[in-house]
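Q: Need a 3D model of the following:
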Amino acid sequence: MQRIGELAETTGVSRDTLRYYERLGLLAPAGRTPSGYRLYPPEAARRVAFVKRAQALGLRLYEIRRILEVMDEGARPCAHVRAALEEKLAEIEVKLKALLLVKAELERRLAWARDHPDPACDGRDTCVYLEPR
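A: Numbering: from 1, shown residues only. Have a look, this model is predicted:
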């Protein structure tokens, strides 16, 4: 069993984050010491690592909680994880398309701005570089 500080050091996650995970139902201490410190079982570090890997792939904590609930029920989470990853990829593809449109517009405007480094601009509430073109 590890106290919260030890688990934080082992996982590289702050104590506050571990407490937050507990409030969200992602992590649960096995008990407490007589002085009230949380005690975590050895598998808690693996669980925190799982949460961090899932977050690194863009999964939200509520999505991760659903996957952990499946695991806690003794079921294999693979179908849930695959569905979450497919949904995340679809979201990323939509965002990427939007970013590519913004990038193209920025490139177009910046090219014009470079060609016109000192445009006539009254500077009141606008800038010619941001005007509709």
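Q: Mind giving me the packing neighbours of the longest helix along the chain?
A: Looking across the chain with DSSP state H, the single longest helix is helix 78-115. Applying 3 or more C-beta pairs under 8 Å, 6 or more residues apart in numbering; DSSP states H and E, one finds that helix 78-115 contacts helix 61-72. For glycine as for every other residue, the C-beta is placed from the backbone atoms N, C-alpha and C.
Q: quick one: the helix it packs on to chain centroid distance?
A: Once both centres are worked out by C-alpha atoms, centre = their mean, to the nearest Å, helix 61-72 turns out to sit 15 Å from its chain's centre.
Q: Pull out the buried residues from that helix.
A: 63-68, 70 (16 or more other C-beta atoms under 10 Å).
Q: Can you tell me what sits against it?
A: Helix 61-72 has contacts (C-beta atoms under 8 Å, 6 or more residues apart in numbering) with 21, 24-26, 47, 50-51, 54-55, 59, 76-77, 80-81, 84.
Q: Quick check: residue 2 touching residue 38?
A: No - counting by C-beta atoms under 8 Å, residue 2 does not reach residue 38; the two are 9.0 Å apart.
Q: ok, now which ones touch the nearest residue to residue 119 once chain neighbours are set aside?
A: Among residues not flanking residue 119 along the chain, residue 128 sits closest, at 4.6 Å (C-beta to C-beta, 6 or more residues apart in numbering). Residues near residue 128 by C-beta under 8 Å, 6+ apart: 116, 119-121.
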